[in-house]
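Engineer: the following comprises the amino acid sequence and a computationally predicted model.
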Amino acid sequence: MPKQSKWLKIVFLIFMSFVLLVGCNKYNEETTTPPKENEQEQPDDDAVVEDPGAPQKDVFNFATNQDIPHLDPHGTSANTSFRVTYMLYDRLVTYDGTTTEVVPQLAENWEISEDGTTYTFFLRKDAKFHDGSPVTSAAVEYSFRRAIDIGKSAAGIFSKVIDENSFEIVDDHTIKIKLLKPFGPFIKALGTVFGNILNPNLADNHGEDLGESYLADKEVGSGPYVLESWDRGQKLVLKANENYWGGTPTMKTVNINIVPEPSTARLMLEKGELDLLDDTMISPDVIKQMDGKNGVEIVNAPGFQIDYFPMNMTQKPLDNKLVRQAIAHAINYDVIIDNVFLGNGERIGGIVPKGMFGYNDGVKEYDYNLDKAKELLKEAGQEGGFTVEMAISENNEVRRNIAVMLQSDLAKIGVTVDIKTYAWPTFLDLVTSGKHDFGLVAWTPDYADPDYNLWYFAHSSSKGPGFNLAFYENKRIDELLELARKSVDDAQRDAAYKEIQAIMAEDVPYIFLAQRSVQAAKREWVERHEINPMNTWYVPFHKITKK
Amino acid sequence: MGAIRFIVKRLILMLPILLGITILTFFISNTIPGDPARLILGPKATPEGIERLREEMGLNDPIYVQYGKYMYGLVQGDFGKSTYSQQAVSEDLKRYFPATFELTLFSMFLTVLIGIPFGIISANKKDKIPDQITRFMALTGVAMPAFWLGIILLLFFYLKIGILPGGGRIDSWVSPPEAITGMYTIDSLLTGNWEALKSSLIHLILPGFTQAAVTIGMITRMTRSSMLEVLRSDYIRTAYAKGGSENRVLYGHALQNGMMPILTLMGMTFGHALGGSVLVESVFSWPGLGRYAVNAINYLDFPAVMGVTILIAVLFITVNLIIDILYHVIDPRLKYE
């Protein structure tokens, strides 16, 4: 038997078996989410491909390119985990729809004492954890104590104002929380993912690490969804909680697919295999190409994300206010908004976004004026120009484009910008330790209160690791921030925040490039999908419907 | 007996190599500027929280103490806990490695199946049409970036004609087979789950081919040049003179003698592919080791980085050992030393 023809035969046979395999598949249909999981197991595999043509009305396919690290609501700082824990757990209050004010969730209502230190919450009586046990005051106490004890992301917010002695259980459904000091935005902080309420029976599985390893891939919540399965790096499946006190979720099954490559996700969306993409996944120019084609629709919604860069005031000559003002005048903001964000953003004068309580619409916005900029540089004794380094983190096309535009803008007033790209860990280390000049960043608040943004950006105690990346210090601002944090008088707080924004506009520790709007790519058949300007990773799967 | 002594000796030699690798990896990854605690806690963490976690993670110890602690765990089989996933690193490796191993095996299978015959044809018909065709294919395969090829294949086979899936290891409506080896195709064969077998095989085609494109090209060219040399030897002329058929001479006499460099190259590419082709894994949403490793580096997840490196090193050394043994099988004249 001649060996060559044997080889050829084998190759041919294998090839044919592939063809056969492939032949009985239908990836060319509009969608391939055949029925299965929503009712019961369907052992008959013919039934599986019975009706792949019509989209599954109660199965939702979401894709993100960022892996989900783990699901401990008190331990994670990853947005991709938030998206999941928001659905698995309830909070005392929550942010719903497009509003940035909290609405009742587990707490039906609440009372705040005159001095702003005692909060009394009245819990609803019909809420149950996924194991059937009721949500009680004890669960609330347990959750917040755990958040603080773990000392990770959630503690960052709560440990400032509560400790283990802050709780007083009045009865099963009434709890008093006493703050160590008045904290105006407390109720807003409770609506964040860090305020998730856990089933206290987690303590039975604690181990030595407060249940961190246990909760990494399990959940003990009371939310509209339960965790069905999680194939790490591939897909996480949420199943509707049919007994949810807030009504049965519309989507019975939610598949959160990890599709690391945006181009692949785009193809899958265009094919109808996905319903919605993570809004951070696709760059503005690609989004523009996708709109209105192949059944894809782009949703535009207001957002609270602000793109900015700090000017490190510990570096010369950036310590000079005139130099910073000159730089502010030398940037062609409109061109950046039009060409990089493709118009999906607007100018903003400070770090409090338009639409948030305390926003000051009268702050000084620096216009693009090269003559003025040169004049200011001259006044500062820097007419000869100087060189600064602009740090950016890798893998972000938008930031790279912004950096290049800033480079050419600033060159016109004699300032040379060296763009340096760093891996994210290095970047973070560089800017928080103050070794940078400029660093391009974007910021979204966790709760809609100016205290959040302004404390991070402007309080002298936040310098460096606290994310005051300009290393900005202003006594008056410190005073105002501390005052406003203590106050429960909204008018007084409003005035303080507006004054802070005005001072910062004069001092220019940061350049605020734009307040971006959120753009998400979805199938046309997806309806009732609301984007929260602040919490873009709060995707209300339980309310979405499909046409 | 020689063979066994040879293997034992090589296995013992593995230890200092591995020790060296742990030292290198540990110290190099620790020189990356950045704070793992800060990355876990995110940009909005408090300085006190970061300090507390650093203390807890032992990051404040001098680096040689950290290394000592790590090695102390390692010799007891403890790879540590991933700071990123909060899971034991050994669990993570068990989860991600089979996917990569399956893809690598499949692409190597394609490589051998296509690359070697092409190379032989090419050598036998030197400078004729078949040689030109295979040369063109080989060079295209090597020159095309895997990332680009993957997207183009997806565009065509998934979006346009729609006969192959868009990524992942198995269709969303098929439940993966019971985990035995973690490789879906093998597991579904073992459990007799034909639906899962079909689905996982189909999912292997595009990523397997994309990953194999480069290696097929390399093996084709290597086979060609190695065979050309052999075909010029006297014993080939003798074989023909004795009336051996072309196929018998090519596949019986020439290939065996020309196999050595091909084997070496295969061992190298296999080891390389095991490290996980991040690009292929990304394009096809393949949950493999490559992506796990990149994530680990991005989060300065040192235990995970170490775990991946050690695993790959062990495999690389093992593959090399197997190749060395295969040399002796192919060429019995070689002595074990």
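Structural biologist: Nice, I can see it. Numbering: from 1, shown residues only, chains lettered A, B, ... in the order given.
Engineer: so what's residue 281 scoring on pLDDT?
Structural biologist: No chain specified, so I'll use chain A. Among the per-residue scores, residue A:281 shows a pLDDT of 85.
Engineer: ah, no, chain B please
Structural biologist: 90.
Engineer: one more: residue A:37?
Structural biologist: Looking at residue A:37, the pLDDT reads 39.
Engineer: ok but residue A:310 is inside a strand, no?
Structural biologist: Yes: remark: residue A:310 belongs to a strand, assigned using DSSP: H, G, I helix; E, B strand; the rest coil.
Engineer: so in terms of bridging, what pairs with it?
Structural biologist: Note on residue A:310: beta-bridge partners by DSSP bridges are residue A:510.
Engineer: where does the prediction get shaky in chain A?
Structural biologist: Scanning chain A for pLDDT under 70 picks out A:1-8, A:10-12, A:14-55.
Engineer: packing partners for the helix or strand where residue A:420 lies?
Structural biologist: Per DSSP states H and E: residue A:420 is located in strand A:415-422. Under the contact criterion of 3 or more C-beta pairs under 8 Å, 6 or more residues apart in numbering or on different chains; DSSP states H and E, strand A:415-422 touches strand A:386-393, helix A:397-411. Placement of C-beta: from N, CA and C, glycine included.
Engineer: let's see it at 10 Å
Structural biologist: If you count contacts as 3 or more C-beta pairs under 10 Å, 6 or more residues apart in numbering or on different chains; DSSP states H and E, strand A:415-422 packs onto helix A:321-330, strand A:386-393, helix A:397-411, helix A:424-432, strand A:438-439.
Engineer: can you pull the pLDDT of whatever residue of the stretch 101-250 of chain B ends up closest to chain A?
Structural biologist: Residue nearest to chain A within the stretch 101-250 of chain B: residue B:162 (2.4 Å; C-beta to the nearest C-beta). At residue B:162, the model reports a pLDDT of 85.
Engineer: buried sites along the helix or strand encompassing residue B:100?
Structural biologist: Taking DSSP H and E as the criterion, residue B:100 maps to helix B:89-110. Residues of helix B:89-110 classed as buried: B:89-90, B:92-93, B:95-108, B:110 (neighbour count, 16 or more other C-beta atoms under 10 Å in any protein chain shown).
Engineer: likewise stretch B:174-181?
Structural biologist: Neighbour-count burial for stretch B:174-181 [16+ other C-beta under 10 Å]: B:174, B:175, B:176, B:177.
Engineer: and chain A, which of the buried residues of helix B:89-110 contact it?
Structural biologist: Counting by C-beta under 10 Å from any C-beta of the partner chain, B:92, B:95, B:96, B:99, B:110 from the buried residues of helix B:89-110 sit close to chain A.
Engineer: quick check, the last one in contact with residue B:205.
Structural biologist: Yes: shown here, residue B:110 and residue B:205 form a contact pair, counting by C-beta atoms under 10 Å, at 9.3 Å.
Engineer: the helix or strand containing residue A:506 to helix A:321-330, inter-axis angle?
Structural biologist: Per DSSP H and E, residue A:506 falls inside helix A:490-507. Counting by axes from the mean of the first three to the mean of the last three C-alpha atoms, to 10 degrees, helix A:490-507 lies at 90 degrees to helix A:321-330.
Engineer: now do the longest helix along chain B: distance to the chain's middle.
Structural biologist: For chain B, the longest helix by residue count, based on DSSP state H, is helix B:194-231. Taking C-alpha atoms, centre = their mean, to the nearest Å, one finds the center of helix B:194-231 at 13 Å from the center of the full chain.
Engineer: just the buried residues of it, please?
Structural biologist: B:195-228, B:230-231.
Engineer: so which of the residues you listed reach chain A?
Structural biologist: Near chain A, taking C-beta under 10 Å from any C-beta as the test, the members of these found are B:195, B:197, B:198, B:199, B:201, B:202, B:204, B:205.
Engineer: out of the residues you listed, what pair is the most spread apart?
Structural biologist: Spatial extent of these (C-beta to C-beta) is set by the pair B:195 and B:205 at 16.7 Å.
Engineer: now do the helices in the stretch 51-200 of chain A.
Structural biologist: Using DSSP state H, counting those that start in this stretch, the helices of the stretch 51-200 of chain A run over A:79-88, A:137-150, A:153-158, A:186-189.
Engineer: contacts only, for the most centrally placed residue in chain B.
Structural biologist: By C-alpha atoms, centre = their mean, the mean C-alpha position of chain B lies nearest to residue B:274, the distance being 1.9 Å. Neighbour list for residue B:274: B:97, B:100-101, B:103-105, B:108, B:288-290, B:311-312, B:315-316, B:319 [criterion: C-beta atoms under 10 Å, 6 or more residues apart in numbering or on different chains].
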